[in-house]
Every structure is written in structure tokens, then in C-alpha cells.
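Student: the sequence and its predicted three-dimensional model are supplied below.
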Amino acid sequence: MKNGQTIAVFSIIATIAFTSFGTSNVFAEDEREYKMIGDISPVLTFTFRDGIEVHTFPSFDMGENFVSDSGVSFSVQGSITESPLLHAALDEAYKYRLSNTAFDYQLKYFDVDADFIKEDESLVSLDYNNCRIDNYQVETLDSNDYESYFKDVGFAIVDKIDFVCSGVNSHNEFVMPTEPLTDFGDSGFTFAKDISTYVTFVFDDGVEKMEFPVFNLVSAYEDSSDNVVAQFQVEGLLEYYPLLFNSIDNARAISGTTHASNEDFDAIVEFSNGEETLRGFNFRECVVTDAQINTVTDKEEGFTGKSGFAVVNTMTFTCSGLTPNNMNYDSLRGDAPIWKTSQVSNVYMESMQNTDQGLDVITTFTSPQGVETIEFSMFKQSEVLTATVDVDNNNGNADLAAEAFTRKTVSPTLELRGIVGDYPLLYHHVDYNIQFQSVKGTALKNLVDIDVEIVSNGETIRGFNYSTCRATDYTVETNPNTEESYVKNTFALESVFDFECQGYTPNNPIYDAMFEMESADNISSADLRNTHDWGKGFYVE
């Protein structure tokens, strides 16, 4: 985005500067172009004792969690440009680097206003006060291999500056929404299988609904003897959500205090393809525990124009619990009473068109509730020959340690990944187990058998039978590839299932077929007693 889009902002800043400082210098850098996803650019105004400088840095990163208020720092990266006051501050920081920390010099302290500009308006404004240079370097960014020597890749010579400040304040003016529900609409991104994440935050003062390109179920289902908190994280292009940001400000205001309680809210998460919701979670009594503004980029690519920059807001929420939504399980069971065992079946195929050799992994789950066959994109089994070695060193006595040498086999495990889909029986299995999560003696409850077949052109060429398995973890997550997912407008929301099993049997059907002996369809001698089956002329009545 060109800096020309922020002329209005710069004019206001310059007017204030001349009014307040009189003879102070005001400097704005020359216009530069970067590919900023969503046209969101970090514009930083440095107020020194000698004047004001305004710079657009394509890369801005918060150093700490904004909510915890545990420290105030931030970092920027940008191509080297004319920055007389900022560069002078960097030079003075080096000159006086060995001086007493109490020693003051002309450009040691300054204030920084960080405005994130979109369409000439500031979406979010942060006021950093009493800042100083913490570290600084000039670096040439490249692709880490020979490719940068070619024109279509190139190099980028950048300033990388770290700042430490005394405090930061949010300058977002809170305006109470006039409608009970504010729907911010689609994110504008494309998702694999059209499965995206919608989150509805239910506050005391209203409701806000938005689509996030990145969602991670941080914790909820993992196998643990300790209490597991329900926690999730979302990420998306920086946008101002009044009620949500007001909740962040409230959480930060009481951070570190013991006498104040945070304002909680509920969050409804839905994974939908636009036509129906395939899966969901209802989080209750949530608070914001982490909030940061960062820029995702990849080395030199954003500076050279090969790729771009994406200014994103990442927020983490901790809740008192969750209720999973398994929309299609009841319809699959039908009208059978809940107390009656009902054997049902379901098939869900996630057809993949880009698998090497056209291989497909077909997984069949057999549980007390029924049988479900699912095609997952990714299958990963543990190293089945792995064994643990337990040696009691007996305080360094090697002889006793050798006697205590033991070797234990490791239980076979497997992991299954795929785009969030419609597999209600598997969802029911992991949802049922969560109620016994931290209760001792329940690890072997509600077990399943898992049969994996690797199929090529309709023929099974390899297979594995896992018996008496338990779910050790289940997450829903998006793993964007740095800035590329934003630049290329593609995200993938995955379900990830981890299992540990007691039994494991490999299958090699091609090998078995090599030793199958065909036998002729001849009459057995036992059949000769049945004279009525003999042909004419071979028996006497």
C-alpha cells in the first residue's frame, strides 16, 4: 500500500507537531510500496526531543502478550530509508551503550504512536510511551540459498530495530454497538473443502460474530491425569471488534491484581461449509488471556515483491469448559432410545486428487456404537519397533545398573489428519471420553478397533489392524504457511486424532496372494457314495 493513502493521517500529525513543538522538525519518509494483505499498514510516529518522524514499517511485532501487561516491547523491520532522527537515536544508543542506565542523552527516550491504517483510517491505535532502543542491526535478507542472486528473487537490506518502553495505552475509542448482534461477515479467504471457522462471542452488552481464517483448539481433549483447561486461539487480519477489544482492555486493566475479577463471556465455535455446520464447540465463561499484533512474512520475499506482508491479530481464550456439538449423531442413531444400544454405520470419503501414486488411506473404526469408515488425508503411525530402555544407575554403580537393564516395547500409536468432515461416530467417541479425562482408572474405557487400508486403484496393497485403542488427543487446527496462506488466499482447517492401542497386526495382502494355491474343481471321493449324482452308465439301479 502506498504511503500516499495515509496523507490525511500525516497532515494531522504534522499540524499537531508544529503547534506543540514550534521549531521542531517533522519528517515523513518517501513513498514506498509493499504488498500488504488487506491493505493494512503499520504507521509509526516517533516523537523525539528534536522533532517528529513518521515511518511506515511493513513488519511490526509485539514483544509480549498485551493482556498480561508483563512488559512493553515491540520490533519493526523495514527497508533502509531516510530516517535522520531515528538513525541518530540508533547511533547514540550505540555510543552510550556502556554508560550507566540512569545517564540520559538527547535521543535516549521518545514516544511512539503505532497506527494500523486501512483506507486512510486507523483501525487500531497504540500509544507507546517513554521508549528507548533495545537493540538494532542491519541485515540483508535472502532466500538462504543461491536463488536470491537471480532478479526474480533478489535481496532486501533492512533495518531491524527492537524497542523497550515504559508503558502502552490503547487509543481505540469504544462505541457501544447499536444492534444486539454485529456480524462482521466473511473473512474473504478461500478454505479447503470450503470448511471455515465462525466464532460468535456472547457478551453482556451484545454479540459479535466473525470468520477467522486460523483456528486452533489449544487444549481440551488431551489425555492427562491433571485437570485440562478448555483453551482456543484464533488469528486473522487485524480488524477492530468493539466488544471484543473492550474485553481485552478490561482484562489488561486488572492484570496482576487479586481483588478484581475479569468479565467473562461465552463463545460459540462453528465449523461450516456455508450450507451446514459439521462440527462445533460451545465454550462457556471465557476470558482473553493473550492478545498480540504481529506481521507474518517470509525473509526477503515481502520486500522484493515476490510475496507480501500480513498484519494479524492473534488472540487466545481460556474458558471454564466446553460442550461439543455433534450435529449429525442423533439423526444417525434415529429414534432409538438413548439407553438402547444401537448399531449404526457411516461412511465419509475425503477424496484426494494429489496423492503420489493415487494412494488412498481408508480407516474403519469399530466402536460399541457402530462402524464408521473415513478417508483421511494423512495417516501417521509410530515407529513400531521402538523400545524404551530403563536403566537404574544405582548411584553410579555400573554393575548394578547392568543388572537392572530392562527393555519395554512401546504401545503402537497412530495419528489421523483431515479437513474437518462429517464423522459423527468418531466425534461421539472423543466427546464421550472427555468426561473421564482426569479420572484415574478410566483410561481403558470405551475402546475402539481401528483398521487402516492403503488402497491403490481399488486394491488394498497394505493394511494395519489396531485393536483396543483409546483416544489420547483430539484437536482442530489451522497451520498457515507463514504469510503464504494470506497471500495465496488459501487455508486448511484440520481435525487431528491421536490414538494409543494395545494391539497391532500388519497386513501384506500382495505377499499373501503369492502363496495362495489354486485347486482344481474335481469330484471328491466322498462324493462317489452319492450314486444318484453319477453320470449315465456308471451305476446300476
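Tutor: Structure received.

Student: which residues in the stretch 351-500 of the chain form helices?
Tutor: When secondary structure is read from DSSP state H, counting those that start in this stretch, the stretch 351-500 of the chain shows helices at 398-403, 424-433, 484-487.

Student: tell me the average confidence for the first one?
Tutor: Averaging pLDDT along helix 398-403 yields 61.

Student: now stretch 449-460
Tutor: The predicted model assigns stretch 449-460 a mean pLDDT of 91.

Student: one more: stretch 369-386?
Tutor: Along stretch 369-386, the predicted local confidence has a mean pLDDT of 89.

Student: residues near residue 162, how many?
Tutor: Counted with other CB atoms under 10 Å, the burial measure for residue 162 works out to 15 neighbours. All C-beta atoms are positioned from the backbone trio N, CA, C, and that covers glycine.

Student: no, scratch that, I was asking about residue 248
Tutor: Applying other CB under 10 Å, we find 21 other residues in the vicinity of residue 248.

Student: use 16 as the first number from now on
Tutor: That works, and once the first residue is 16, the last one we named lands at residue 263.

Student: in TSV: the helices of the stretch 366-515 of the chain, plus distance to residue 60 and mean neighbour count.
Tutor: Rendered in TSV, the data for the helices of the stretch 366-515 of the chain read as follows (distance: least, CB to CB, whole Å; neighbours: other CB atoms under 10 Å):
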stretch	distance to residue 60	mean neighbour count
helix 413-418	65	11
helix 439-448	50	22
helix 499-502	26	22
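
Student: between those helices, which gets nearest to residue 100?
Tutor: With CB to CB, the closest approach to residue 100 among the helices of the stretch 366-515 of the chain belongs to helix 499-502: 32.6 Å.

Student: what is that closest one packed up against?
Tutor: For helix 499-502, the packing partners by 3 or more CB pairs under 8 Å, 6 or more residues apart in numbering; DSSP states H and E come out as strand 325-340.

Student: for the strand it packs on, which positions count as buried?
Tutor: Using 16 or more other CB atoms under 10 Å as the test for burial, strand 325-340 gives 325-334, 337, 339-340.

Student: residues contacting residue 320?
Tutor: Under the criterion of CB atoms under 8 Å, 6 or more residues apart in numbering, the contact list for residue 320 reads residue 50.

Student: re earlier: let me have the helices of the stretch 366-515 of the chain in a markdown table, extended by distance to residue 285.
Tutor: As requested, the helices of the stretch 366-515 of the chain are exported to a markdown table (distance: least, CB to CB, whole Å):
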| stretch | distance to residue 285 |
| --- | --- |
| helix 413-418 | 56 |
| helix 439-448 | 14 |
| helix 499-502 | 21 |
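
Student: nearest to residue 205, of those?
Tutor: Nearest to residue 205 among these is helix 499-502 (9.8 Å), distances taken as CB to CB.

Student: so where's the stretch 116-265 of the chain shaky on pLDDT?
Tutor: Under the criterion pLDDT under 70, the flagged ranges of the stretch 116-265 of the chain are 160-163, 166-168.

Student: what ranges do the helices span in it?
Tutor: Counting by DSSP H, counting those that start in this stretch, the segments of the stretch 116-265 of the chain that form helices are 257-268.

Student: do you have the strands of it handy? List them.
Tutor: Secondary structure of the stretch 116-265 of the chain (DSSP state E, counting those that start in this stretch): strands located at 125-133, 136-156, 171-179, 182-185, 196-198, 205-206, 211-217, 222-227, 229-234, 245-252.

Student: so what strands line up beside the second one?
Tutor: The reference is to strand 136-156. For strand 136-156, the paired strands and their directions (DSSP bridges) read strand 125-133 (antiparallel), strand 171-179 (antiparallel), strand 182-185 (antiparallel).

Student: for residue 108, find the nearest of the ones you listed.
Tutor: Nearest of the strands paired with strand 136-156 (CB to CB): strand 171-179, 9.8 Å.

Student: list the buried residues of the closest one.
Tutor: Residues of strand 171-179 classed as buried by neighbour count (16+ other CB under 10 Å): 171, 173, 174, 176, 178, 179.

Student: separation between the first one and residue 98?
Tutor: Going back to what we said before, that points to residue 171. Distance from residue 171 to residue 98, counting by CB to CB, to the nearest Å: 16 Å.

Student: just the fifth one next, same as before
Tutor: Remark: distance between residue 178 and residue 98 (CB to CB) = 14 Å.

Student: re the thing from before, any chance of the strands of the stretch 116-265 of the chain in TSV, with distance to residue 87 too?
Tutor: Output for those, formatted as TSV (distance: least, CB to CB, whole Å):
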stretch	distance to residue 87
strand 125-133	11
strand 136-156	7
strand 171-179	7
strand 182-185	5
strand 196-198	30
strand 205-206	36
strand 211-217	27
strand 222-227	26
strand 229-234	25
strand 245-252	22
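
Student: who touches stretch 192-210?
Tutor: When contacts are taken as CB under 8 Å, 6+ apart, the neighbours of stretch 192-210 outside the stretch itself are 211, 220-228, 251-252, 254, 256-258, 286-289, 293, 365, 434-436, 501, 504-508.

Student: can you say which of the residues you listed are buried?
Tutor: Members of the contacts of stretch 192-210 that pass the buried threshold by neighbour count (16+ other CB under 10 Å) are listed as 211, 221-228, 251-252, 254, 256-258, 286-288, 293, 365, 434-436, 501, 506-508.

Student: closest to residue 519 among the buried residues of strand 171-179?
Tutor: residue 171 (50.5 Å).

Student: contact partners for the closest one?
Tutor: Counting by CB under 8 Å, 6+ apart, residue 171 touches 94, 155, 156, 157, 315, 318, 319.

Student: let me see the ranges of the strands in the stretch 266-415 of the chain.
Tutor: Here the stretch 266-415 of the chain has its strands, by DSSP E, counting those that start in this stretch, at 280-287, 292-311, 325-340, 359-364, 374-382, 385-391, 393-396, 402-405.

Student: of all those strands, which lies closest to residue 89?
Tutor: Checking those against residue 89 by CB to CB gives strand 292-311 as the closest, at 8.8 Å.

Student: residue 110: neighbour count?
Tutor: 10.

Student: mind pulling up the phi and psi values for it?
Tutor: When quoted as degrees, to the nearest 10, the phi and psi of residue 110 stand at phi -60, psi -40.

Student: and it, how far from residue 65?
Tutor: The gap separating residue 110 from residue 65 is 16 Å, by CB to CB.

Student: next: residue 138.
Tutor: With distances taken as CB to CB, residue 138 is found 30 Å from residue 65.

Student: with residue 471 instead?
Tutor: The separation that residue 471 has from residue 65, given CB to CB, amounts to 72 Å.

Student: just want to know which of the two has more residues nearby.
Tutor: Set side by side, residue 471 and residue 65 show more neighbours around residue 65, with 17 against 13, by other CB under 10 Å.

Student: name the nearest residue to that one, sequence neighbours excluded.
Tutor: Of all residues not flanking residue 65 in the chain, residue 100 sits nearest, at 6.1 Å (CB to CB, 6 or more residues apart in numbering).

Student: confirm the one you found sits in a helix?
Tutor: Yes. Counting by DSSP: H, G, I helix; E, B strand; the rest coil, residue 100 falls inside a helix.
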